[in-house]
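In: For reference, the sequence and a predicted model appear below.
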Amino acid sequence: MPELVLWDIDHTLMATRGLGRELWGEAFEQVTGVVLREQASVTGSTERVILRETARLHDIEYDEELFTRFAEALGAVHVRRAAEMRERGHALPGAAAVLAALDERGVRQSVVTGNVRQAAEVKLAVFGLDAYLRLDDGAYGEDGERRPDLLRAALKRAAVSPHSAVFLGDTPADVAGGRDAGVRVVGVATGRTSASDLRAAGADFVLDGLSDTGRALGAIGT
């Protein structure tokens, strides 16, 4: 049984059905004064990288001060529009049941996500998933640019060795990050990447979704 299970958030545990981009654009305009015309690729990336590349697309100079202000604005807009997120988005089928089953078995759980922390906390609370997670043991968009960096940060905070952890995510970047960090990776084909492509990326196990709690627990190793 793993000591720590780490979860990606977007398209692994939940879907916001387009609202996430709206909130991102609102925060971007707030801190830059520029209307968002085009957003850099978000799949498997982190907010720091997305902001830097999106700023470049709009001929805006990027620095850490901009990221800090953006992270604060993005968190605040998530808080302000949490009720709308609850109406438009949803936890993915089976997500709460798997989290609850792991919690009942005494398995520690947290998240590794490119989201800034406040946005992640709002998303998880809106769909009732936060009660199962030790969020102080996780890693967020403020903690680095690459998935391996975030995973290593979470392992350090949780004081867990890589071979004692499992990471679940829906993108090839999640799989590559997990392999780089030395953790076992379960791909969940609930995003834009197919099960076959997650296998090809090197996932140790691939699930079509989380609806089958027993199968998910077996893949995780409990």
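Out: Thanks, I have it. This structure is a prediction, so every number in the text was calculated from the model and none was measured.
In: List the contacts of Tyr140.
Out: Residues in contact with Tyr140 (C-beta atoms under 8 Å, 6 or more residues apart in numbering) are 111, 113-117, 120, 150. C-beta coordinates here come from the backbone N, C-alpha and C atoms, glycine included.
In: which non-adjacent residue is nearest it?
Out: Arg117 (4.1 Å; C-beta to C-beta, 6 or more residues apart in numbering).
In: residues contacting that neighbour?
Out: Shown in contact with Arg117 (C-beta under 8 Å, 6+ apart): 75, 135, 140-142.
In: Of those, grab the buried ones for PyMOL.
Out: Buried members of the contacts of Arg117, defined by 16 or more other C-beta atoms under 10 Å, are picked up in PyMOL with:
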select buried, resi 75+140+141+142
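In: pLDDT score assigned to Thr222?
Out: On pLDDT, Thr222 comes in at 86.
In: ok, it - contacts?
Out: With contact set as C-beta under 8 Å, 6+ apart, Thr222 has these partners: 1-2, 101-102, 105, 107.
In: Next: Tyr62.
Out: Counting by C-beta under 8 Å, 6+ apart, Tyr62 has contacts 51-52, 55-56.
In: how about the helices in the protein?
Out: 19-32, 47-57, 64-80, 82-88, 95-104, 117-126, 147-158, 172-181, 195-201, 213-220 (DSSP state H).
In: Gly187 is nearest to which of the ones you listed?
Out: With C-beta to C-beta, the closest approach to Gly187 among those belongs to helix 195-201: 3.2 Å.
In: what helices or strands is the closest one leaning on?
Out: Applying 3 or more C-beta pairs under 8 Å, 6 or more residues apart in numbering; DSSP states H and E, one finds that helix 195-201 makes contact with helix 172-181, strand 184-188, strand 205-207.
In: What distance do you get for Pro172 to Pro162?
Out: 19 Å (C-beta to C-beta, to the nearest Å).
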